[in-house]
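Colleague: Fold the following and give me the result.
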Amino acid sequence: MLLLDGLDEVPEADQRRAHVKAAVEQFAATFSKVRILVTSRTYAYQRQDWKLRRFAEAVLAPFTTAQMQHFVQRWYAYVGPLRGLSVDHAQGSAAQLTAIIRRNPRLYELATRPLLLTLMASLHAWRGGSLPEQREELYADAVDLLLRQWEDQKVMRQPDGTYAVIQPSLREWLPVDQQAMRQALNQLAFEAHHNQSTVVGTADIPEAKLVMTLMHLSQNPEVRPALLIEYLRDRAGVLEPRGVGVYAFPHRTFQEYLAACHLTDVGFEDELPRLLRAEPNRWREVTLLAGAKATRGLASAAWTLAEALCFAEPPRQKLAEDAGYWGALLAAQVLVENRSLERIAEHRRDKVEHIRTWLVRTLEHNALPPVERAQAGNALGTIGDPCFHGKDVWYLPNDEKLGFIEIPAGVFTMGSAPNEGSSFERPQHEVSLRRHFIARYPVTVAQFRAFVDVTGYAWMYKDFPQEYGNHPVVAVSWYDALAYCEWLTEKLQATSWPLARLLREGWRITLPSEAEWEKAARGTDGRQYPWGNQPDPNLANYNATGIGTTSAVGCFAAGKSPYAVEDMSGNVWEWTRSLWGEMSGEPTFNYSYRPDDGREDLRASAGRSRVLRGGAFWDGHQQVRCAYRGRYGARPSYNLVGLRVALAGPS
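Modeller: So this is what the prediction gives:
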């Protein structure tokens, strides 16, 4: 296997990116038996001109807890002796760092990315066993660490045990104040970031500009440019050589952070929103870092920036431009990252409601690319999704947003044609169903946790990490799903809910049969997907969408079914009440649907498989078709499986 790391980090100068892309493609064509793995930032590789021909795509999974622990142990085992640590001391430091990361959710999220985990380990050792909790503080300390490498003397141990200076510190070459040095680097980063022709990787910085900037700081005529260039080449730190006459920051993270530092010094609340609205992909990370840096000095700075980012009235119809939606997303993320929502002053509640409304409209309008729309859903979940927030979150009012949607009686086409799908979806046939109702969305984390908290239900996965209340609940077994349905039936019977009278007449809240589920998903025209016959990653959360985890329900409003039921494709698998064709105790895989043949028997033994529908976030486009069938045993629960409830009449 040939591993080529960092395609998006290839410099821009002299069309080197195009040359590298062509070289990789030619190598793959010439050496067809060699497996080649090329890495790149996900959002950078989404550009069509970056796509490698005949290369399959996959999103790299984040580190698990075990992988983080293994990495830290191996890192300290290698670095410890180099820093003069005993084996016991190195092992203790590794255990300490692992414990710090595991008990801090913010650090844990950062540590799932190998690059930032490496940086954390370096900082942890440098700081003598501690780490900053905020991401911006982490980058600030990282820059300080790299500047030390730039400024310290370079020494070598002699054969007699003494040390000799073989290269002085930069301060001896350029006797300037460190703050002035930082300001110069900040401005250099901002200009490079602002003028970069692309929004991926780091910008090329011409040698002449870099030398001129540094020499201007000292006003020292004794400094020779040739020696300064040699110094920069041999003592790479905050900047590194990247070709003849070309320098760059070692990673885009540092370029973005230093650009953010520059903006906080020049009135970021005016300049930054303007930049973000013009080029959100270029300035979104800078915006978050600038907000965090400013908030460290003044707590109200996050609110000032949020107001500058999200100032217009929320639109009722989808806007032609995405600038307003971007502003709302970044305003919410600034407040969330800086913990500004933990205690909200009364005079700021209108601002929170303003941002909340923008986020709701972002989802309703299917605005922004899918990954960013999912981030808007997450921000809404943190601020408080009005659809799934409050003490009566379990309640499903019969309105256009949360209610059960009526699926009329009649015939629909079930299954796949001979040239489509798998044998488990055939034969395609017509099925007549009675009138029934189905929930617009899957059951959410907030709704299911309300059931667990109120009843004390012994849910095996009660502590399963599900951070956002407006995401579909997962790790729910078929029996857990039935228990929720029974509880909700009982709860709603005694309410003024418009459909409560049906419950009093013998209807029940239950899981849909697989036929009821499929009709709600595809309507009566036999379409492949809820929205039509072609897969579309902008209309559902599956592997091609690139989110890589569950998303808030309602993030794909434009992918709704003909009956306006949402999230039927992707996100999570959904339990049905149907058996997987195992009548008389033997698997027959007879797909022709007959509700009276025993497949809807809720009392069937736990060893028999139940049908799941819809596919999940990591499945391919084939698995999220309306007719695709999955199955699991009823007892276990999985982190890709949730539920959607239905309202069905008596048999």
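
Colleague: Give me the pLDDT value at the residue most central in space within the chain.
Modeller: In the chain, the centroid-proximal residue (Cα atoms, centre = their mean) is Ile547; its distance is 5.4 Å. For Ile547, the pLDDT comes out at 92.

Colleague: Could I get the phi/psi values of the closest residue to it other than its chain neighbours?
Modeller: Closest residue to Ile547 apart from its sequence neighbours, by Cβ to Cβ, 6 or more residues apart in numbering: Ala374 at 4.9 Å. C-beta: built from backbone N, CA, C; applies to glycine. The phi/psi pair for Ala374 (degrees, to the nearest 10) reads phi -60, psi -40.

Colleague: one step back: residue contacts, the residue nearest to the centre of the chain?
Modeller: 370-371, 374, 541, 617 (Cβ atoms under 8 Å, 6 or more residues apart in numbering).

Colleague: before we move on, the earlier item: surely the residue nearest to Ile547 and Gly554 touch.
Modeller: No: counting by Cβ atoms under 8 Å, Ala374 stays clear of Gly554, with 10.8 Å between them.

Colleague: re the thing from before, okay, among the contacts of Ile547, which ones form the most distant pair?
Modeller: Val371 and Phe617 (11.7 Å; Cβ to Cβ).

Colleague: So for those two, which residues contact both of them?
Modeller: 545, 547.

Colleague: Between those two, which has more neighbouring residues?
Modeller: Phe617 (23 against 17; other Cβ atoms under 10 Å).

Colleague: which one is the more buried one nearest to, not counting chain neighbours?
Modeller: Closest to Phe617 by Cβ to Cβ, 6+ apart is Asn541, at 4.9 Å.

Colleague: Specify the beta-bridge partners of that neighbour.
Modeller: Gly570 (DSSP bridges).

Colleague: where's stretch 289-306 relative to the chain centroid, distance-wise?
Modeller: 23 Å (Cα atoms, centre = their mean, to the nearest Å).

Colleague: make that stretch 433-443, sorry
Modeller: On Cα atoms, centre = their mean, the centre of stretch 433-443 falls 29 Å from that of its chain.

Colleague: Same check on stretch 327-341?
Modeller: 16 Å.

Colleague: Run through who's touching it.
Modeller: With Cβ under 8 Å, 6+ apart as the criterion, stretch 327-341 contacts 134-135, 273, 276-277, 280, 284, 287-288, 291-292, 295, 299, 302-303, 305-307, 309-312, 314, 352, 355, 358-359, 362, 368, 372, 375-376, 379-380, 382-383.

Colleague: in it, what's buried?
Modeller: 327-338, 340-341 (16 or more other Cβ atoms under 10 Å).

Colleague: Let's have those residues in TSV, adding distance to His89, pLDDT and secondary structure.
Modeller: Formatted as TSV, the buried residues of stretch 327-341 follow (distance: Cβ to Cβ, whole Å; pLDDT from 0 to 100; DSSP: H, G, I helix; E, B strand; the rest coil):
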residue	distance to His89	pLDDT	secondary structure
Gly327	49	96	helix
Ala328	49	97	helix
Leu329	45	97	helix
Leu330	43	96	helix
Ala331	45	96	helix
Ala332	43	96	helix
Gln333	39	95	helix
Val334	40	94	helix
Leu335	41	94	helix
Val336	38	93	helix
Glu337	34	89	helix
Asn338	36	89	coil
Ser340	39	91	coil
Leu341	41	89	coil
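
Colleague: Going by distance to Gly84, which of these wins?
Modeller: Of the buried residues of stretch 327-341, the one sitting nearest to Gly84 (Cβ to Cβ) turns out to be Glu337, at 36.9 Å.

Colleague: From Gln493, how far out is the closest one?
Modeller: 44 Å (Cβ to Cβ, to the nearest Å).

Colleague: Now Trp75: which helix or strand?
Modeller: helix 65-82 (DSSP states H and E).

Colleague: Which helix or strand lies directly C-terminal to that helix?
Modeller: Taking DSSP H and E, what comes next after helix 65-82 is helix 87-103.

Colleague: Show residues contacting that next one.
Modeller: 65, 68-69, 72-73, 75-77, 79-81, 85, 107-108, 111, 120-121, 124-125, 129-131.

Colleague: Could you tell me which of those count as buried?
Modeller: Neighbour-count burial (16+ other Cβ under 10 Å) applied to those gives 68-69, 72-73, 75-76, 79-80, 85, 107-108, 111, 120-121, 124-125, 131.

Colleague: can you give me the helices in the stretch 201-350 of the chain?
Modeller: Shown for the stretch 201-350 of the chain, the helices assigned by DSSP state H, counting those that start in this stretch span residues 207-218, 225-234, 252-265, 268-278, 280-297, 301-309, 323-337, 349-364.

Colleague: now the residue nearest to Phe617: how far from Leu147?
Modeller: From Asn541 to Leu147 the distance is 42 Å (Cβ to Cβ).

Colleague: neighbour-wise, which of these two wins?
Modeller: Shown here are Asn541 and Leu147; by other Cβ under 10 Å, Asn541 has more neighbours (33 against 17).

Colleague: Next, work out how far apart the more buried one and Ile36 are.
Modeller: Separation of Asn541 from Ile36 (Cβ to Cβ): 29 Å.

Colleague: quick one: Ile407 and Ala646, what's the gap?
Modeller: Separation of Ile407 from Ala646 (Cβ to Cβ) stands at 9 Å.

Colleague: for Gly630, same thing?
Modeller: 18 Å.

Colleague: And those two? Which one has more around it.
Modeller: Ala646 (24 against 21).

Colleague: Which pLDDT value does the model give the residue lying closest to the more buried one once chain neighbours are set aside?
Modeller: Leaving aside its sequence neighbours, Ala646 sits nearest to Pro512 (Cβ to Cβ, 6+ apart; 3.9 Å). Looking at Pro512, its pLDDT is 97.

Colleague: The one 5 residues further on too?
Modeller: The score at Trp517 is 97. That number is its pLDDT.

Colleague: before we move on, which element is it in?
Modeller: Going by DSSP H and E, Trp517 is in helix 514-522.

Colleague: That helix packs against which elements?
Modeller: Contacts defined by 3 or more Cβ pairs under 8 Å, 6 or more residues apart in numbering; DSSP states H and E place helix 514-522 against strand 404-407, strand 410-414, strand 429-433, strand 436-439, strand 573-579, strand 609-613, strand 646-648.

Colleague: Can you tell me how far the nearest residue to Thr455 once chain neighbours are set aside is from Asp177?
Modeller: The shortest distance from Thr455 to any non-neighbouring residue, by Cβ to Cβ, 6+ apart, is to Trp487 (6.1 Å). According to Cβ to Cβ, Trp487 stands 67 Å off from Asp177.

Colleague: Is Thr39 in contact with Glu9, as I believe?
Modeller: No: if you go by Cβ under 8 Å, Thr39 and Glu9 don't touch, sitting 9.4 Å apart.

Colleague: what's the closest non-adjacent residue to Arg373?
Modeller: Nearest to Arg373 is Cys555, by Cβ to Cβ, 6+ apart, at 5.3 Å.

Colleague: show me the contacts for that neighbour.
Modeller: Residues near Cys555 by Cβ under 8 Å, 6+ apart: 363, 370, 373-374, 376-377, 541, 567.

Colleague: Looking at neighbours, which among those residues is most surrounded?
Modeller: Most surrounded of the contacts of Cys555: other Cβ under 10 Å gives Asn541, at 33 neighbours.

Colleague: Ser432: how many residues sit nearby?
Modeller: Count around Ser432 with other Cβ under 10 Å applied: 11.

Colleague: same question but for Phe388, I mixed them up
Modeller: Around Phe388 there are 25 residues (other Cβ under 10 Å).

Colleague: same thing with Ala292?
Modeller: For Ala292, using other Cβ under 10 Å, the count is 24.

Colleague: Spatially, and excluding backbone neighbours, which residue is closest to it.
Modeller: Glu136 (3.5 Å).

Colleague: which other helices and strands contact the host helix or strand of that neighbour?
Modeller: Assigned by DSSP H and E, Glu136 belongs to helix 135-151. The helices and strands touching helix 135-151, judged by 3+ Cβ pairs under 8 Å, 6+ apart, are helix 105-111, helix 114-126, helix 170-173, helix 178-195, helix 252-265, helix 280-297.
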